[in-house]
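Provided below for reference: sequence and predicted model.
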Amino acid sequence: MGETADRGEPRKGIWMFPSVAAGDLVEAVVRAEQLGLDEVWIGDEGIAREPMAILAAAARETSTIRLGVGITSPLLRHPGAIAATAATVDELSGGRFTLGLGVGGQNSLGPFGLSTDRPVAEVRDAVVLARAVLTGEATDGYQPVAHANPRRDVPLWVGTRGAQMARLAARLADGVFLSGCTPDQHGSIIAPLQQAELPIDVAIYQSASDVVVSPSVSRWAEVGGFLNAEARRWNPAAIGINLVDLNDGDGDALPLVERAAAILGASR
């Protein structure tokens, strides 16, 4: 990142676990736009609701809010198929889609017995191949064909909680998505990028809950202060709140979206 110029107010958004009804998630995205939030990310949790389908439906019901999958894994889907889906959702949204790639966690990989001992290499190869499909350029493992989607300039972000993956993002991607980290983790990831003068946009999203409390989860009353402090410290491109109370599938998305928008100071 180097000496990052002051970019003004960061974008503000929410991340949602796709465990409630698909229609409720679409309504939550619509409500987020109505409240003035800038972006919504939906996680890919493998056998939970399909985030790309939800985001495609939300694309037709919204007009301004950015829509992101955060994140999907090349261990679950071929990166070429991921890119084709991303291009389609981006087309439906009029250019508002962001593709987030990462290894994925136990919720998504565990049911299929998937794992890797080369996570950085897996994501590196996926980023290169997905970018080639999105731009219509040949690379190892991909040759463009006549029936391919037309070029779409979809931002490609990498989700991580580690410094090595963040350095990969700085070399190959458009942004790095940091979710549910402590201040120390932010320091260990972002500071080396700055010291190495590796420019990359960063999104800092913090989990909020009064039920699930851990070092990486803030209480609702404290999450706004946490994000404001980290925004002053790191000047990120975006900040947001992870609605982790949706994880058990029993939560109501709309009140959580409204609560997050109020804390983030959304514009409407």
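Nice, thanks for sending it over. Predicted, not measured: the structure shown is a model, and the values here were computed from it.

all helices of the stretch 1-150 of the chain, in order?
22-34, 51-59, 79-93, 106-109, 119-135 (DSSP state H, counting those that start in this stretch).

which one of the ones you listed lies closest to Val223?
Val223 lies closest to helix 22-34 among the helices of the stretch 1-150 of the chain, at 16.3 Å (CB to CB). The way it works is simple: take the backbone N, C-alpha and C, and place the C-beta from them, glycine included.

remind me what the closest one packs against, helices and strands.
strand 11-16, strand 39-42, helix 51-59, helix 253-264 (3 or more CB pairs under 8 Å, 6 or more residues apart in numbering; DSSP states H and E).

report the angle between it and helix 253-264.
Here the directions of helix 22-34 and helix 253-264 differ by 30 degrees (axes from the mean of the first three to the mean of the last three CA atoms, to 10 degrees).

tabulate the helices and strands packed on helix 22-34 (JSON lines), appending distance to Ala221.
Shown next, in JSON lines, are these (distance: least, CB to CB, whole Å):
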{"stretch": "strand 11-16", "distance to Ala221": "17"}
{"stretch": "strand 39-42", "distance to Ala221": "23"}
{"stretch": "helix 51-59", "distance to Ala221": "29"}
{"stretch": "helix 253-264", "distance to Ala221": "9"}
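
and these: which comes nearest Gln194?
Among the helices and strands packed on helix 22-34, strand 11-16 sits nearest to Gln194 (CB to CB), with 20.0 Å.

tell me the average confidence for the closest one?
Per-residue pLDDT over strand 11-16 has a mean of 98.

what strands line up against it, and which way round?
Strand pairing for strand 11-16, using DSSP bridges, gives strand 39-42 (parallel), strand 238-243 (parallel).

how much space between Gln106 and Thr98?
With distances taken as CB to CB, to the nearest Å, Gln106 is found 24 Å from Thr98.
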